[in-house]
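Sequence and predicted structure below; questions after.
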Amino acid sequence: MRKLLFLFLLLPFSAFSYQGNPSLEAISKALSAGDVETLSKYFGDNVEIAINDNEQLVPKAKAAELVRAFFSQHKPKSFQQVHQGASRESSDQYCIGNLAAGSGNYRVYIYLKTVGSSVTIRELRFDEE
């Protein structure tokens, strides 16, 4: 038991901080499936949506419309996380991944705001590769 505790203390906390993150897992699955309803459950009151350098800060309902329109033109096939982490000064999180959609590929950036146990998407960006 002591050895296990010692090993745990030696490992950096960040090694455990995002494994099994249920919010990020649900968001990734929603992106892969093109499931706007599930995805929009995580939207904050206002969301910055950027599609190929067209950036807009919009209310939650409008953000869902924009993502729905994007998915209707570019049907998602799969989403794979490439990188995830947290900001140094707060518990806010981010995720970068690749979305295969329609006949193209998109780099997706997600910025998540954490307040208590609540996680909301504040920024969602789709950049064609």
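Now that the structure is in, tell me what you want to look at.

Moving C-terminal from the helix or strand of the chain with the lowest mean pLDDT, which element do we reach first?
Ranking every helix and strand in the chain by mean pLDDT, DSSP states H and E puts helix 14-17 at the bottom, with a mean of 34. Next helix or strand after helix 14-17 toward the C-terminus (DSSP states H and E): helix 22-33.

chain center to that following helix, what's the gap?
Taking C-alpha atoms, centre = their mean, to the nearest Å, one finds helix 22-33 lying 7 Å from the centre of the chain it belongs to.

Repeat that for stretch 64-78.
Here stretch 64-78 is found 15 Å from its chain centre; the criterion is C-alpha atoms, centre = their mean.

Send over that stretch as CSV, restricted to the C-alpha atoms.
Provided in CSV are the C-alpha atoms of stretch 64-78 (Å, rounded to 0.1, in the frame of the first residue of the first chain):
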residue,chain,number,x,y,z
ALA,A,64,-27.0,25.6,-32.2
GLU,A,65,-28.5,26.8,-35.5
LEU,A,66,-25.0,27.7,-36.9
VAL,A,67,-23.6,24.3,-35.9
ARG,A,68,-26.7,22.5,-37.3
ALA,A,69,-26.2,24.3,-40.6
PHE,A,70,-22.5,23.4,-40.7
PHE,A,71,-23.3,19.8,-40.0
SER,A,72,-26.0,19.7,-42.7
GLN,A,73,-23.4,20.9,-45.3
HIS,A,74,-20.5,18.8,-43.9
LYS,A,75,-22.0,15.6,-42.4
PRO,A,76,-19.6,14.4,-39.6
LYS,A,77,-18.1,11.0,-40.1
SER,A,78,-15.7,11.0,-37.1
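
Name the residues of it that come out as buried.
Residues 64, 66-67, 70-71, 74, 76 are the ones in stretch 64-78 that count as buried (16 or more other C-beta atoms under 10 Å). For the C-beta atoms, the positions are set from N, CA and C on the backbone; glycine is no exception.
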